[in-house]
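A.B. asks: 3D, please:
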Amino acid sequence: ADFNYGADEYDAEGNEEPKALPEGSETMPYIDESPTMSPQLSARGQESGDGVSPTPIDGLGTGGERDAGKGLEMRKLVLSGFLASEEIYINQLEALLLPMKPLKATATTSQPVLTLQQIETIFYKIQDIYEIHKEFYDSLCPKVQQWDSNITMGHLFQKLASQLGVYKAFVDNYKIALETAEKCSQSNYQFQKISEVSWTGAVPRGRGCHGWACPALLYKPIDRVTRSTLVLHDLLKHTPADHPDYPLLQDALRISQNFLSSINEDIDPRRTAVTTPKGETRQLVKDGFLVELSEGSRKLRHVFLFTDVLLCAKLKKTAVGKHQQYDCKWYVPLADLVFPSPEESEHCPQVHVIPDHELEDMKMKISAIKSEVQKEKANKGQSRAIERLKKKMFENEFWLLLNSPAIPFRIHNRNGKSYLFLLSSDYERSEWREAIQKLQKKDLQAFVLSSVELQVLTGSCFKLRTVHNIPVTSNKDDDESPGLYGFLHVIVHSAKGFKQSANLYCTLEVDSFGYFVSKAKTRVFRDTTEPQWNEEFEIELEGSQSLRILCYEKCYDKTKLNKDNNEIVDKIMGKGQIQLDPQAVQTKNWHMDVIEMNGIKVEFSMKFTSRDMSLKRTPSKKQTGVFGVKISVVTKRERSKVPYIVRQCIEEVEKRGIEEVGIYRISGVATDIQALKAVFDANNKDILVMLSDMDINAIAGTLKLYFRELPEPLLTDRLYPAFMEGIALSDPAAKENCMMHLLRSLPDPNLITFLFLLEHLKRVAEKEPINKMSLHNLATVFGPTLLRPSEGESKAHLTLASDIWSHDVMAQVQVLLYYLQHPPISFTELKRNTLYFSTDV
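C.D. replies: Purely as a prediction, here's the structure:
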């Protein structure tokens, strides 16, 4: 046969050229499932349906392949090439086994070169693999030599595939075999000489690893499985569907592909090389989902960073059961890629930011669907109903994922075109930028990919990707950790390790709804190498699994400040991440930790309170002060209708916080809130001075804390079940009657305080275009705070910790929203009005 299968992988003498091993593959093999494009045969045509047609061989035109005779000839050519490489492979296995006999012979003497255990480890399963392939070769060879239309060989490939379990054992042992051989070679001169004599001849000079040839040879069995899978692709392509070999070859291919997939699941895919037709090694370094702003609209892309190119792709829509493929949208060789500075990016499109309240409303919708799913599951509901809810949840989460990112990440190709991604996390943006800049330090060449090269590279993306699912919670399996729901208290203490003085601050990010967002920011500590922030934050967690801390140097240079207000121009000095382990975090005590980043150490403490715990009301043992004391006791003591703390905090928010973006939603610094709490409890005469100096978010936080710490909710434990029933009524008139009657049933201090707060929240919502706080947002913040039953009552209402937006919480929000959307309610009118029915609740 004058044709070698995959002949571009052979040198002039017909010796198989070992592929350069991927960096790191000495520690773990990775089997490349993506067929390498060969000039003679395309292994992809069958698989993708739109592959490149094979280049004609020896005058065989592709049109003539329909002819059975030509198909027979093609099968012979494929098999001849495969047999030639099979012979080389068997020779390599023989070479690998050559030192085994002398080594075993010395193992039982008084001066063994290696122990029997070491020999068994290094040569594990190689003898078995050799025998399997020798038998396969001896059976196939005569069939190819006496080739005619009646010959069948599918059973041989099927048998070969059925013996892949031996390869699995070999792969599982591969890492330890390499380590043992490496150690023995370094510490044992005799072994080094024996292996050099036996093995070096089987590997072309310069290809050995660390001066000896074992890794390159040991890699051969792994390479071989991929090779035989490619051959099966090609044989199937040229075998008629009614041929007796066809189902056998199909079965062999299925077994081989499943085997490759099962092995690759255990191995870090980043170690894989995609081999271009030029024989270069192109590794996948990083991949993930990013939102691209393309022609004015947001598109979800899967971005792949290889050693020399950034490729932006989208997953093609395919029919059920079809092999999924990526479609390349654009690529930029790293040699041509630059990051435009803010002033250079003025011509870039401006980012259209979705209003906060729309995002908050969508989160509420998602949370409501989550609780419906939980209810359906608890009631053993129909799987079709659950699937329908899950589909709706996915659609909403996808919308959130697409529309919430607002931090620009710009990529520019030196040859003219610019691209804009939007991220929700500066940590992520910094990771992408650093990964690209690290690769750009190498000597990179500019290039243009041919359509075939681009197709091969894009085709490999599906196999190589490390991020498989769009990051939304509905993609999680039921048994996956749901993450933490509740409140994480974090104190950022200090940092050290800075080389020179700078203006420094930290931000905290957590993942909620599947993606990371920035949740808190310390003040800037000026001109220091050892900032002492000592600031406490309360961060709401919504299915969170990680906490990230970023440390920045503040930029005060006006020329660098971009018009685009989402551009972060401050320099990241360091960043780090820790897993939020539910077991470790859920204690009442503070847990101190250090994150090391880039030579900088940031010291912080944290403790977690589940949502159930955070809203527990515990009757206060003290009767002095105002926090945790019954509202009736406080108003009586003060001789007031509304507690002084409520009046003062509301007055201050209306004076200077009503236009503050996110007022009541953004948490204030916890240490400030604690200081205010202490001052109000002590009835200190400096309260007013302190209030006027304090950050407005801390004052808003103090008001929320006061209501949260009441021993019973403002709307009382006694009426809670009735509020839940009233809000569920469908008839508007009945609902109006019931909800007004319930207000009338409240004790006077509770009712007057509630109406006072209600009017304030309505005034806040009037400024929604500026402060982004809708009635819906305010109801979300205050509903559970005003209604959640106290400890004794809530036991009956406790649900799964992960089911944060339990049915109760949703209803609590709806109750407050009902009153916020209602025309003004006057205390005297309410008390005077006897039109409402007044059966006892």
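A.B. asks: report the longest helix in the chain, please.
C.D. replies: Taking DSSP state H as the criterion, the chain has its longest helix at helix 68-97.
A.B. asks: And the next helix or strand past that one?
C.D. replies: On the C-terminal side of helix 68-97, the nearest following helix or strand under DSSP states H and E is helix 100-107.
A.B. asks: which helices and strands does the helix or strand just after that next one pack with?
C.D. replies: Next along the chain after helix 100-107, taking DSSP H and E as the criterion, comes helix 116-122. Contacts defined by 3 or more Cβ pairs under 8 Å, 6 or more residues apart in numbering; DSSP states H and E place helix 116-122 against helix 100-107, helix 164-187. Every C-beta, even on glycine, is put in place using the N, C-alpha and C of the backbone.
A.B. asks: what about the strands in the stretch 301-450 of the chain?
C.D. replies: 309-315, 326-333, 337-338, 407-413, 418-423 (DSSP state E, counting those that start in this stretch).
A.B. asks: Domains in the chain, by residue range?
C.D. replies: 69-202+211-267, 273-352+406-470, 354-401, 485-557+568-614, 622-834 (the TED database).
A.B. asks: Turn the helices and strands packed on helix 116-122 into JSON lines, including mean pLDDT, distance to K630 and mean neighbour count.
C.D. replies: Below are these laid out as JSON lines (pLDDT from 0 to 100; distance: least, Cβ to Cβ, whole Å; neighbours: other Cβ atoms under 10 Å):
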{"stretch": "helix 100-107", "mean pLDDT": "81", "distance to K630": "85", "mean neighbour count": "15"}
{"stretch": "helix 164-187", "mean pLDDT": "79", "distance to K630": "66", "mean neighbour count": "17"}
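A.B. asks: export those to TSV and tack on distance to S294?
C.D. replies: Output for the helices and strands packed on helix 116-122, formatted as TSV (distance: least, Cβ to Cβ, whole Å):
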stretch	distance to S294
helix 100-107	59
helix 164-187	42
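A.B. asks: Which parts of the stretch 651-800 of the chain are helices?
C.D. replies: Secondary structure of the stretch 651-800 of the chain by DSSP state H, counting those that start in this stretch: the helices cover 670-682, 687-693, 696-708, 720-727, 732-744, 748-766, 768-771, 775-787, 791-794.
A.B. asks: Mind jotting down where the helices sit in the stretch 301-450 of the chain?
C.D. replies: Using DSSP H, counting those that start in this stretch, helices in the stretch 301-450 of the chain cover 356-378, 383-403, 426-440.
A.B. asks: if we look at the shortest one, which residues are touching it?
C.D. replies: I take that to be helix 426-440. 285-286, 288, 290, 303, 305, 307-308, 310, 334-335, 337, 339, 407, 409, 423, 507, 509, 516, 518, 548, 550, 568, 572, 575, 577 (Cβ atoms under 8 Å, 6 or more residues apart in numbering).
A.B. asks: Can you select the buried ones from the residues you listed in PyMOL?
C.D. replies: Here is the PyMOL command that selects the buried residues among the contacts of helix 426-440 (16 or more other Cβ atoms under 10 Å):
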select buried, resi 285+286+288+290+303+305+307+308+310+334+337+407+409+423+507+509+516+518+548+550+568+572+575+577
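A.B. asks: Please give the element, helix or strand, for the residue nearest to the spatial centre of the chain.
C.D. replies: Centroid-nearest residue in the chain, with Cα atoms, centre = their mean: P471, separated by 5.3 Å. Using DSSP H and E, P471 sits in no helix or strand.
A.B. asks: Now do the phi/psi pair for it.
C.D. replies: Note on P471: its backbone torsions stand at phi -70, psi 70 [degrees, to the nearest 10].
A.B. asks: hang on, it packs against L401?
C.D. replies: Yes. Assessed by Cβ atoms under 8 Å, P471 is found in contact with L401 at 6.8 Å.
A.B. asks: anything in contact with each of those two?
C.D. replies: Here P471 and L401 share the contacting residues F289, G514, Y515, scored by Cβ under 8 Å, 6+ apart.
A.B. asks: quick one: which of those sit in helices?
C.D. replies: Judged by DSSP H, those include no members of helices.
A.B. asks: Which of these fall in strands?
C.D. replies: Here DSSP state E is the test, and those give F289, Y515 as lying in strands.
A.B. asks: which one of the shared contacts of P471 and L401 is nearest Q158?
C.D. replies: Using Cβ to Cβ, F289 comes nearest to Q158 of the shared contacts of P471 and L401, at 39.5 Å.
A.B. asks: What is the burial count for E603?
C.D. replies: Residues lying near E603 (other Cβ atoms under 10 Å) number 17.
A.B. asks: What sits closest to it if chain neighbours are left out?
C.D. replies: H493 (4.2 Å; Cβ to Cβ, 6 or more residues apart in numbering).
A.B. asks: what's the burial count for that neighbour?
C.D. replies: Using other Cβ under 10 Å: H493 sits among 16 other residues.
A.B. asks: Provide the secondary structure category for it.
C.D. replies: strand (DSSP: H, G, I helix; E, B strand; the rest coil).
A.B. asks: contacting residues for it?
C.D. replies: Contact analysis of H493 by Cβ under 8 Å, 6+ apart lists Q532, W533, N534, E603, F604, S605.
A.B. asks: What subset of the residues you listed is buried?
C.D. replies: Neighbour counting with 16+ other Cβ under 10 Å marks W533, E603, F604 as buried within the contacts of H493.
A.B. asks: Excluding covalently adjacent residues, which one is nearest to D128?
C.D. replies: Nearest one to D128, counting by Cβ to Cβ, 6+ apart, is V166 at 4.9 Å.
A.B. asks: Lowest-confidence entry in the shared contacts of P471 and L401?
C.D. replies: Least confident by pLDDT among the shared contacts of P471 and L401: that is G514, with 75.
A.B. asks: roughly how far apart are that residue and G599?
C.D. replies: Separation of G514 from G599 (Cβ to Cβ, to the nearest Å): 32 Å.
A.B. asks: Check I825 too.
C.D. replies: The gap separating I825 from G599 is 60 Å, by Cβ to Cβ.
A.B. asks: Which one of those two is surrounded by more residues?
C.D. replies: Set I825 next to G599 and count neighbours by other Cβ under 10 Å: I825 wins out with 16 against 11.
A.B. asks: Spatially, which residue comes closest to M100, not counting chain neighbours?
C.D. replies: Nearest non-adjacent residue to M100, counting by Cβ to Cβ, 6+ apart: F123, 5.1 Å away.
A.B. asks: what does L761 give?
C.D. replies: L778 (4.9 Å).
A.B. asks: Tell me how many other residues surround the one you found.
C.D. replies: Neighbours around L778, by other Cβ under 10 Å: 25.
A.B. asks: same thing with R301?
C.D. replies: Using other Cβ under 10 Å, R301 has 21 other residues around it.
A.B. asks: any idea how far it lies from L761?
C.D. replies: Where L761 is concerned, R301 sits at a distance of 41 Å (Cβ to Cβ).
A.B. asks: picking up where we left off before, give the contact list for the residue nearest to M100.
C.D. replies: Remark: with contacts taken as Cβ under 8 Å, 6+ apart, F123 is in contact with L96, L97, M100, A177.
A.B. asks: Is it possible to get JSON lines of the residues you listed that adds distance to K685?
C.D. replies: Shown next, in JSON lines, are the contacts of F123 (distance: Cβ to Cβ, whole Å):
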{"residue": "L96", "distance to K685": "88"}
{"residue": "L97", "distance to K685": "92"}
{"residue": "M100", "distance to K685": "91"}
{"residue": "A177", "distance to K685": "79"}
